[in-house]
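Colleague: No sequence on hand, only this structure:
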């Protein structure tokens, strides 16, 4: 079980160990998703399955996406875990090769609620699920001074706070820090929040993100095209 005393690297390891022990469950989830894909005629199709692991009692969410009918046997798959600390709900999502992990703390989801969702009625757990249903990965880079200027414009924080990565996804621009092989994403800013003279700062990243998803999915992602 993920406990408050764990480091971010220990949390990453915990999630990976749970995923390794999912083999039998994954077979069942994949078979069920295959049936769904073959019954449908419109794509993309996505479905998430939730499982509390037996050994560690962690909540894992396993998502499958088929962009076309032939993906029924080889869907896109992603994992994330939801866990709680005294300050609130966190999510931890390993990369496909499992060598890295991205952690989203409660403050990130607070800003996501305020700046993207604009809904105070949705629960914190459902808010996390909503974020990942709308997530198509991200492209990140080392933060530059112009990125920091945007960050400090929207976040009232100590300017000595560690900030070394910036990334773009289908829902906005995110800022965070890197601890070894773990990214900690602190906040999100939407493109609509930016002044015109701030948008150019992210254009190169945005172009790289669009190209990545065209290569991966055959199209540029749209936050409104949520995975179910």
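Modeller: Here it is on my side, so go on. Predicted, not measured: the structure shown is a model, and the values here were computed from it.

Colleague: and the residue located most distally from the centre of the chain, what is it in contact with?
Modeller: The C-alpha centroid of the chain is most remote from residue 39, which lies 28.2 Å away (CA atoms, centre = their mean). With contact set as CB atoms under 8 Å, 6 or more residues apart in numbering, residue 39 has no partners. Where C-beta positions appear, they are placed from N, C-alpha and C, glycine not excepted.

Colleague: all numbers from here: first residue = 36
Modeller: Shifting the count to begin at 36 puts that one at residue 74.

Colleague: Pull up the distance across stretch 105-118, start to finish.
Modeller: 35 Å (CA to CA, to the nearest Å).

Colleague: starting at the chain centroid, how far to that stretch?
Modeller: 13 Å (CA atoms, centre = their mean, to the nearest Å).

Colleague: Can you mark which positions in that stretch are buried?
Modeller: Buried residues in stretch 105-118, counted by 16 or more other CB atoms under 10 Å: 106, 107, 110, 111, 113, 114, 115, 116, 117, 118.

Colleague: for this protein, which helix is longest?
Modeller: Assignment by DSSP state H gives helix 58-74 as the longest helix of the chain.

Colleague: what's the longest strand anywhere in the chain in contact with?
Modeller: Ranked by residue count and defined by DSSP state E, the top strand of the chain is strand 111-120. Under the contact criterion CB under 8 Å, 6+ apart, strand 111-120 has outside partners 37, 39, 46, 50, 53-54, 93-102, 124-129, 131, 160, 163, 167.

Colleague: And the buried ones among those, selectable in ChimeraX?
Modeller: To isolate in ChimeraX the members of the contacts of strand 111-120 that are buried, counting by 16+ other CB under 10 Å, one can use:
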select :37,46,50,53,54,93,94,95,96,97,98,99,100,101,102,124,125,126,127,128,129,163,167
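
Colleague: what comes up buried for stretch 175-195?
Modeller: Of the residues in stretch 175-195, 175, 178, 182, 185, 186, 189 count as buried by neighbour count, 16+ other CB under 10 Å.

Colleague: Between those, which sits nearest residue 212?
Modeller: Comparing the buried residues of stretch 175-195 against residue 212 with CB to CB picks out residue 178 as the nearest, at 9.1 Å.

Colleague: list the contacts for the nearest residue to the closest one once chain neighbours are set aside?
Modeller: Of all residues not flanking residue 178 in the chain, residue 201 sits nearest, at 4.6 Å (CB to CB, 6 or more residues apart in numbering). By CB under 8 Å, 6+ apart, residue 201 lies in contact with 175, 176, 177, 178, 179, 182, 186, 208, 209, 210, 237, 240.

Colleague: Test my guess that the third one contacts residue 200.
Modeller: This means residue 177. Yes: contact status for residue 177 versus residue 200: in contact at 6.7 Å, counting by CB atoms under 8 Å.
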